[in-house]
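Enquirer: give me a 3D structure for the following:
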Amino acid sequence: MTVLVFLDPSHPDGRLADAEAPALLATDQGATRGDGIFETLLAVNGAPRKVQAHLHRLATSAQSLALEVPEADAWLRAITTAVDAFAAASLQVPDEHGNTNIVIKLFATRGPEGADTPTAWVQAAAVPPALAGQRAKGLDVILLDRGYDSTVAHRAPWLLLGAKTLSYAVNMAALRHAHAQGADDVIFTSSDGHVLEGPTSSVLLAHVQDDGGAPVKRLVTPNLDSGILPGTTQGALFAAARDAGWELGYGPLVPADLLDADAVWLVSSIRLLAPVNTIDGTEIGTAEVRARLTAELSALLAQVH
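Expert: Numbers count the residues shown, from 1 in each chain. All right, here's what the predicted structure looks like:
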């Protein structure tokens, strides 16, 4: 089932709407032009994870689009209404750790054309079962050229490369192309050969150096000024890993760095930490090391609220 809660000034805690009934005008620019933004976060046992980080990124995306959106308190009240309504109306099956999980999506569009009235709503739904399988089995990934060089975000900010917009048709096309090639997902590269991100995820890699003493573990992600979306899960995991003694690094990265890593992951708020088994048919590290590092970092990520 799906729960919809619209942010409505006449309903301080949000207005519940029937998800099976028409709720969005056909002239809304989010539908006609993809002119809007969104965020996706996970609620675990009724508590939204990293909610302030998601609200901050939502506000940053809105600023990039010159889009007026509700204040954070209004979003928080609507999120609570959506979580409570979903929990009351659905049978939630605990995951392998005994937790219940809800996918929360925040949407804001420029509203109906000519009305100058933004549309904003919260959606609550179940976690797709396939994502748990990806965490358990890992992913076969291909590299795809995004068609921009790694400096274009500075030269052409109107491309909105660092904003989480509703214009995801290219990302979905990339995933369909990967599936047609027998792969599970994609890592984008820039036209000048830098590693960027996945269509719906951030990229992480790890190196472990053991000289007989305490192993030195390093976690690396592409540099954030290369036109990629700053990942809330990547940021939270970096903070937890640093506290656990990991060294941290930011690119630039090239495909050879991925192939040379002991482990590579695609991370996002709902899928969490999914290990990459192969890239363009080449195995990354070994299955034993991937499993061990994935378990260690997943335990750290589970502590993030």
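Enquirer: identify the bridge partners of residue 247.
Expert: residue 218 (DSSP bridges).
Enquirer: verify the contact between it and residue 208 for me.
Expert: No - judged on C-beta atoms under 8 Å, residue 247 makes no contact with residue 208 at a distance of 10.5 Å. No exception for glycine: its C-beta is placed from N, CA and C like everyone else's.
Enquirer: now do the shared contacts for the two.
Expert: 216, 217, 218 (C-beta atoms under 8 Å, 6 or more residues apart in numbering).
Enquirer: now a PyMOL select for only the buried ones of those residues.
Expert: For the buried members of the shared contacts of residue 247 and residue 208, the matching PyMOL selection, counting by 16 or more other C-beta atoms under 10 Å, is:
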select buried, resi 217+218
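Enquirer: ok, the shared contacts of residue 247 and residue 208 vs residue 298, which is closest?
Expert: residue 217 (14.5 Å; C-beta to C-beta).
Enquirer: what sits against the closest one?
Expert: 206, 207, 208, 245, 246, 247, 293.
Enquirer: among the residues you listed, which ones are in strands?
Expert: 206, 207, 208, 247 (DSSP state E).
Enquirer: the first one reaches residue 261, doesn't it?
Expert: In other words, residue 206. Yes - applying C-beta under 8 Å as the test, residue 206 and residue 261 come out as touching, 6.2 Å apart.
Enquirer: turn the shared contacts of residue 247 and residue 208 into TSV, columns for distance to residue 112 and pLDDT.
Expert: Putting the shared contacts of residue 247 and residue 208 into TSV (distance: C-beta to C-beta, whole Å; pLDDT from 0 to 100) gives the following:
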residue	distance to residue 112	pLDDT
216	56	89
217	52	93
218	50	95
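Enquirer: can I get the shared contacts of residue 247 and residue 208 in CSV with distance to residue 141?
Expert: Shown next, in CSV, are these (distance: C-beta to C-beta, whole Å):
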residue, distance to residue 141
216, 26
217, 22
218, 21
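Enquirer: closest to residue 84 among the shared contacts of residue 247 and residue 208?
Expert: residue 217 (40.3 Å).
Enquirer: look up how far residue 14 lies from that closest one.
Expert: In this view, residue 217 and residue 14 are 43 Å apart by C-beta to C-beta, to the nearest Å.
Enquirer: I'd like to know which elements the longest helix seen in the chain is packed against.
Expert: Scanning the chain for the longest helix, with DSSP state H as the assignment, gives helix 72-89. Here helix 72-89 touches strand 2-8, strand 11-17, helix 51-64, strand 101-109, strand 119-125, going by 3 or more C-beta pairs under 8 Å, 6 or more residues apart in numbering; DSSP states H and E.
Enquirer: what's near enough to touch residue 50?
Expert: 41, 232, 233, 236, 269, 304, 305.
Enquirer: what about 7 Å?
Expert: 41, 232, 236, 269, 304 (C-beta atoms under 7 Å, 6 or more residues apart in numbering).
Enquirer: that older thread, just the buried residues of the ones in strands among the contacts of residue 217.
Expert: 206, 207, 208.
Enquirer: quick one: contacts of stretch 119-126?
Expert: 2-7, 14, 24, 28, 30, 69-70, 78-79, 82-83, 86, 102-109, 111.
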